[in-house]
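Participant: below is the sequence, then the predicted model.
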Amino acid sequence: MQSEQLMQYIAFIHTNTDSSPSGVEWQTFIAEATECGLFRGGSEIGGRTTVGTQSVPDTTDNVGGFMRFDSDDRAAVVALLQRHPVVRHGGTIELCEMPKSE
């Protein structure tokens, strides 16, 4: 029997909300994300340091955090993220597939 490998996703949480989510909204969403079994962690993004010689835009001007998810159903992750406090406050979350490792 061949086991299916779950897809891994990273969600970049943009800072373009119309208003700020409350701490309670964040706690409620994190609890829901954890309970459904898809959530694999995340964090706010703090100060940055660049390494190298080329100039790049400051990611932290637009992205305030990230979350990781594992799922065999992308639609389930999208449905969960539609209830995210940032989305509910008019902001954007960018969901990206992560390459599968062998």
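Facilitator: Structure received. Numbering: from 1, shown residues only.

Participant: list the contacts of the residue found closest to Arg40 once you drop the neighbours it is linked to in the chain.
Facilitator: Once flanking residues are discounted, Arg40 sits nearest to Arg68: 4.1 Å by Cβ to Cβ, 6 or more residues apart in numbering. (Each C-beta comes from the backbone N, C-alpha and C, glycine too.) If you count contacts by Cβ atoms under 8 Å, 6 or more residues apart in numbering, Arg68 has them with 8-11, 39-42.

Participant: mind running it again at 6 Å?
Facilitator: Applying Cβ atoms under 6 Å, 6 or more residues apart in numbering to Arg68 gives the contacts 10, 40-42.

Participant: and which of those is nearest Lys100?
Facilitator: Ile10 (13.4 Å; Cβ to Cβ).

Participant: gap between the closest one and Ser20?
Facilitator: 23 Å (Cβ to Cβ, to the nearest Å).

Participant: okay, the two: which has more neighbours?
Facilitator: Taking other Cβ atoms under 10 Å, Ile10 and Ser20 do not tie; Ile10 has more neighbours (15 against 12).

Participant: distance of the residue nearest to Gly64 when sequence neighbours are not counted relative to Gly42?
Facilitator: The shortest distance from Gly64 to any non-neighbouring residue, by Cβ to Cβ, 6+ apart, is to Thr15 (4.3 Å). Distance, Thr15 to Gly42, by Cβ to Cβ: 15 Å.

Participant: looks like the residue nearest to Gly64 contacts Asp61 (just checking).
Facilitator: No. With contact defined as Cβ atoms under 6 Å, Thr15 does not reach Asp61; the gap is 7.9 Å.
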